[in-house]
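# Based on what follows, work out the 3D shape:
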Amino acid sequence: MGTQTVGWPTGNTPADQAEGLRERKKRLMRQQLSDTATRMFLERGFDQVRVAEVAEACGVSEKTVFNYFPTKEALVLDRLEATVSSLRTGLADPDRPPVQAALQILDRELAGITDWLAGQDDPGQAAQAIVRFGDLIRATPSLRAYQSDMMDQFASVATQILAARAGTSPDDPEPQIAARALLGLWHVQASSLRKHLDGAHAPARVRELVTADVRHAARLLETGLRSYATPAPPSPAPSAARRRRQPDETSRR
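This next block holds a predicted model:
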């Protein structure tokens with residue numbers, strides 16, 4: 001299995017034409033390091049591969065690897081950083097409801113995976129590589145812990161943005177629960193993707209099935225989060241006629 005078997009894109013990376021030569025070289029090196037590390041981890045196990053071995057396979061020093069990735073775990077879960085960046089930008093758009101912003105990011109990520117699958121010589125084998133990638137994370141305590149930390153970062157970013165949109169404090173319970181509910185859509189997409197990458201469906205059909213699952217979950221959230229994301233107008237004072245109709249407490253005694 002070559003490096004490209006695990007090098008599916010996130011759908012959130014910048015277009016080549018928008019980059020300068022230096023930025024493109026850095027992005028490609030980062031991608032090479034991540035793809036090579038992931039391939040080696042899938043073949044031998046995360047704990048059985050040293051960062052120095054990844055560096056040697058890529059023809060660079062171990063220090064160079066850590067210049068691109070702060071930890072060994074980040075070599076595997078580097079795509080989460082792109083998601084955080086997209087979430088920060090998408091949720092901040094006041095003209096887009098939070099659920100719709102999340103769905104747009106999820107759609108891009110899913111399209112990146114399924115388009116990559118469709119371009120492989122053996123989409124079924126490539127689909128199994130994605131499944132085994134998820135298995136690798138679940139079987140490795142340090143990767144699960146790193147993923148959990150990243151999801152906490154997701155939640156913190158989403159909480160702050162949702163609180164700002166609603167004119168409340170990030171310490172209030174409403175933006176906190178709203179952010180956690182919103183990020184649940186990523187769990188739904190990951191679970192659905194794993195379920196449908198069974199070799200029985202073409203990549204285009206996988207995209208349809210996963211999208212349907214995510215949209216179904218999003219409908220449960222959309223009404224509540226839409227109403228929360230905009231500050232509620234103050235309640236109008238009772239009219240003079242209504243005040244006159246109210247019984248006088250003193251006269252009833």
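
# now the helices for this protein?
21-44, 51-58, 62-68, 72-76, 79-91, 98-118, 123-139, 141-166, 173-196, 203-228, 240-245, 249-252 (DSSP state H).

# just these: most buried one?
Among the helices of the chain, helix 72-76 has the highest mean neighbour count (mean count of other Cβ atoms under 10 Å), at a mean of 22. The way it works is simple: take the backbone N, C-alpha and C, and place the C-beta from them, glycine included.

# Name the residues that touch it?
Residues outside helix 72-76 that contact it (Cβ atoms under 8 Å, 6 or more residues apart in numbering): 33-34, 37-38, 41, 46, 51, 54, 65, 69, 81, 136-137, 142-143, 145-146.

# picking that back up, could you dump the helices of the chain into a markdown table and include mean pLDDT?
Converted to a markdown table, those look like this (pLDDT from 0 to 100):
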| stretch | mean pLDDT |
| --- | --- |
| helix 21-44 | 92 |
| helix 51-58 | 97 |
| helix 62-68 | 95 |
| helix 72-76 | 93 |
| helix 79-91 | 85 |
| helix 98-118 | 93 |
| helix 123-139 | 90 |
| helix 141-166 | 92 |
| helix 173-196 | 93 |
| helix 203-228 | 87 |
| helix 240-245 | 51 |
| helix 249-252 | 48 |
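
# any idea how far residue 142 lies from residue 21?
36 Å (Cβ to Cβ, to the nearest Å).

# same thing with residue 87?
Distance from residue 87 to residue 21, by Cβ to Cβ: 29 Å.

# Can you tell me the closest non-neighbouring residue to residue 57?
Distances taken as Cβ to Cβ, 6 or more residues apart in numbering place residue 36 nearest to residue 57, at 5.2 Å, with adjacent residues excluded.

# Correct me if wrong: the one you found contacts residue 59.
No: counting by Cβ atoms under 8 Å, residue 36 stays clear of residue 59, with 10.1 Å between them.

# what separates the residue nearest to residue 170 when sequence neighbours are not counted from residue 179, distance-wise?
In space, and not counting its chain neighbours, residue 170 is closest to residue 163: 4.3 Å by Cβ to Cβ, 6+ apart. Separation of residue 163 from residue 179 (Cβ to Cβ) stands at 9 Å.

# Repeat that for residue 87.
10 Å.
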